[in-house]
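Novice: here is a sequence together with a model predicted from it:
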Amino acid sequence: MIVTNANPSSRCCCKNYDEEYSEDERRTTKYPFVGALCMSGGDVDNSYSTNSLLQVPDGLEKNKMSVYITSSSPLSEYKAYLHQFQRDFTTFLRMRSEEMVSYGRMVLTLIGRDTVDDPLYRDCCHFWTLLSDSLRDLVFEGLLSESKVSSFKMPFYDPSKEEVKEIIRKEGSFQINDLETYEFDLGHSNEDRSLPSHRAKAGQKEANCIRAVTETMLVAHFGDAIIDALFRKYAHHVSLHASCRVKTSLTLIVSLTRR
């Protein structure tokens, strides 16, 4: 999964919202849990939560009918996502450093990308590319408006290995012990992609994973009436790309020690 809890109002496991924030703080702060920074969309102790942004970056309105960065996006869109991630991840590291003793250790798992030379490129079977394709299908069928889809963006960023290393270096609280990359897979690597039934099974597996991550935020924006149809479309698109071997997504695992 990309984010373990897609509810933007999820509470941080590091701080009890009701007990540790005053009534004034809860009333006046847009993100009352930001002091402990659970990077909205995930709890700190769960996989991939650090990919989640506190908010979608400003200035993304030019990328029509796509929920995330694509090869046709303006470079400014990539920079907006990168700068938002730099701010949020830096704050995340600083907050964790305040909680940890010297020489304490932390392991983070993030979804990253293997496209350093072209930061806009995402492969045709990238999970957000397929979500965009599925939403466009519903627009063409008259179930959604184009403006509704164009106004929705994913609060997510898939950094390169180099971007993660640079943020950690600049923030300065942690030493990198190890940073490794692995192939990113949503559960269908063992399927025989030559068989239509197996491609369909792989599509349903990935659709279930992405639905578990995104359903809450999709319902908040589009309503729940289109969700079943959306993920039927998503499963179909995955099955069409089940033989895709050249993927830009990968898993980054970084081991850190508090200085």
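Specialist: It's in. All values derive from a computational prediction rather than experimental measurement.
Novice: name whatever forms a beta bridge with the most centrally placed residue in the chain.
Specialist: Among the residues of the chain, the one closest to the centroid is F156, at 3.5 Å (Cα atoms, centre = their mean). Per DSSP bridges, residues listed as beta-bridge partners of F156: S52.
Novice: how about the helices in the stretch 151-259 of the chain?
Specialist: Using DSSP state H, counting those that start in this stretch, the helices of the stretch 151-259 of the chain run over 161-171, 196-222, 227-240.
Novice: for the last one, buried residues please.
Specialist: For helix 227-240, the buried set under the neighbour-count rule, 16 or more other Cβ atoms under 10 Å, comprises L230, F231, K233, Y234, A235, H236, H237, V238, S239. The way it works is simple: take the backbone N, C-alpha and C, and place the C-beta from them, glycine included.
Novice: nearest to T90, of these?
Specialist: Nearest to T90, judged by Cβ to Cβ, of those is Y234 at 33.1 Å.
Novice: surely that closest one and T129 touch.
Specialist: No. Y234 is beyond contact range of T129, at 10.9 Å (criterion: Cβ atoms under 8 Å).
Novice: most widely separated two among the buried residues of helix 227-240?
Specialist: Longest span within these, Cβ to Cβ: L230 and S239, 15.2 Å.
Novice: still on that earlier bit, in CSV, list the buried residues of helix 227-240 along with pLDDT and distance to G142.
Specialist: Shown next, in CSV, are these (pLDDT from 0 to 100; distance: Cβ to Cβ, whole Å):
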residue, pLDDT, distance to G142
L230, 98, 14
F231, 98, 18
K233, 98, 14
Y234, 97, 19
A235, 96, 21
H236, 95, 18
H237, 94, 19
V238, 92, 24
S239, 90, 24
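Novice: how about low-confidence regions in this structure?
Specialist: 1-54, 59-63, 185-194 (pLDDT under 70).
Novice: do a quick rundown of the strands in the chain.
Specialist: Assigned by DSSP state E, the chain shows strands spanning 105-113, 174-183, 249-258.
Novice: so which elements touch the shortest one?
Specialist: For strand 105-113, the elements it packs on are helix 161-171, strand 174-183, strand 249-258, judged by 3 or more Cβ pairs under 8 Å, 6 or more residues apart in numbering; DSSP states H and E.
Novice: redo those as JSON lines? Include distance to G104.
Specialist: Listed next are the helices and strands packed on strand 105-113 as JSON lines, based on distance: least, Cβ to Cβ, whole Å:
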{"stretch": "helix 161-171", "distance to G104": "15"}
{"stretch": "strand 174-183", "distance to G104": "9"}
{"stretch": "strand 249-258", "distance to G104": "4"}
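Novice: pick the most deeply packed of the ones you listed.
Specialist: strand 249-258 (a mean of 19; mean count of other Cβ atoms under 10 Å).
Novice: that strand vs helix 161-171, what angle?
Specialist: With axes from the mean of the first three to the mean of the last three Cα atoms, to 10 degrees defining the directions, strand 249-258 sits at 20 degrees from helix 161-171.
Novice: how close does A202 get to E146?
Specialist: Noted for A202: a distance of 30 Å to E146, by Cβ to Cβ, to the nearest Å.
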